[in-house]
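K.L.:
The following block contains a protein sequence and its predicted model.
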Amino acid sequence: MIKRKNIVGKIINFRGLVYAPVEENGVIFLFSKLTNDLNLYIETIRKGFPDCIAKRYIGSGQWEEVNIEFEFKSSDFLRHGHLNSMKYGSKCDMIVCWEHDWKNSPKDIEIIELKTEYQKYPNQIIEEPDKVSQISDYNLEDLYKNYASSKKLYEELHESVMKINKSIWRKPAKYGVFYYSPEKVFFNVKIQKQGLRIHLFTGGKKIKGVETISEEGTYAQKWGRFHIKDKKEIKQAKLILKKSLELIKDAIKNNENTGWYAEVE
């Protein structure tokens with residue numbers, strides 16, 4: 001019998017990981033590359049259930065405890081008997097997996113599917129240790145530099161948004177600014193030459209002035225978009241984003257999946 005050599009997944013070349021995970025250890029490694037993007041820091045990874053204790057930033061200098069279980073496929077959580085563990089008092093808030101295949105997963109457990117999640121974030125080039133690169137952290141000036149004409153429009157929108165609720169906070173990224181509810185992203189702004197493009201959480205409900213995202217296929221069912229081209233539109237934008245905030249707070253309260261790939265229940 002021929003002994004098989006290492007089996008690897010598809011090539012992803014993401015932040016030092018060449019191949020996609022094929023088992024749970026690969027999931028843990030890839031997850032470690034995304035903790036900062038997910039606003040998490042890890043306190044401990046251990047044997048036993050749940051696998052990981054973490055804290056997630058929720059704004060205003062506050063961090064929320066999150067108990068995490070790692071699985072290759074989300075359905076492995078059920079196969080490994082962890083629902084029984086929860087019945088006897090063990091707590092799990094989140095499953096981190098490579099593939100989410102558990103159709104009837106409990107609504108009170110957040111599921112992060114790394115197969116889709118990692119693609120949302122910028123890659124980091126792996127270079128020779130003695131090579132010096134001039135790569136800066138993302139900041140608002142990086143986003144303004146090519147679209148100075150939209151800078152004032154964005155600043156007026158930001159000022160208006162922060163009047164909705166003081167607990168809202170923002171995080172600049174490579175392609176835009178993400179706004180948190182404070183627990184989860186409920187809209188993001190892309191600064192463009194002709195104004196601002198906004199993607200926002202709708203929960204699958206119609207909001208006046210918001211376009212349904214449909215051409216992307218099966219994902220983004222709970223998200224919509226609209227554009228701001230003039231400061232006269234800021235007032236209406238504030239009303240739209242206030243509604244989005246209300247919808248995501250209701251979704252969090254009802255333990256609904258609010259992610260880009262979430263399907264409408």
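P.N.:
Thanks, I have it.
K.L.:
Looks like residue 7 contacts residue 23 (just checking).
P.N.:
No: shown here, residue 7 and residue 23 do not form a contact pair, counting by CB atoms under 8 Å, at 9.1 Å. To be clear about C-beta, it is placed using only N, CA and C from the backbone, and glycine gets the same treatment.
K.L.:
Who has more neighbours out of these two?
P.N.:
Neighbour comparison, residue 7 and residue 23: the larger count goes to residue 23, with 12 against 8 (by other CB atoms under 10 Å).
K.L.:
Chain neighbours aside, what residue packs nearest to residue 226?
P.N.:
residue 210 (5.1 Å; CB to CB, 6 or more residues apart in numbering).
K.L.:
My error: substitute residue 150 in the last question.
P.N.:
Nearest in space to residue 150, with sequence neighbours left out and distances taken as CB to CB, 6+ apart, is residue 191 at 5.1 Å.
K.L.:
Surely the one you found touches residue 154?
P.N.:
Yes: counting by CB under 8 Å, residue 154 is a contact partner of residue 191 at 5.5 Å.
K.L.:
Quick check: neighbours shared by these two?
P.N.:
Contact criterion CB atoms under 8 Å, 6 or more residues apart in numbering; residues shared by residue 191 and residue 154: 144, 177.
K.L.:
Specify the beta-bridge partners of the nearest residue to residue 63 once chain neighbours are set aside.
P.N.:
In space, not counting the residues next to it along the chain, residue 63 is nearest to residue 55; the distance is 4.0 Å by CB to CB, 6+ apart. When assigned by DSSP bridges, residue 55 has beta-bridge partners residue 41, residue 65.
K.L.:
cool, and residue 178?
P.N.:
Beta bridges link residue 178 to residue 171, residue 188, judged by DSSP bridges.
K.L.:
May I have the helix or strand hosting residue 78 as PDB, with CA atoms only?
P.N.:
In the assignment (DSSP states H and E), residue 78 maps to helix 76-79. These are the backbone C-alpha positions of helix 76-79, laid out as PDB (Å, rounded to 0.1, in the frame of the first residue of the first chain):
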ATOM      1  CA  ASP A  76     -19.100  19.100  12.900                       C
ATOM      2  CA  PHE A  77     -20.300  21.000  16.000                       C
ATOM      3  CA  LEU A  78     -23.400  18.800  16.000                       C
ATOM      4  CA  ARG A  79     -21.500  15.600  15.100                       C
END
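K.L.:
Show me what counts as buried in it.
P.N.:
By neighbour count, with 16 or more other CB atoms under 10 Å as the criterion, the buried positions of helix 76-79 are 76, 77, 78.
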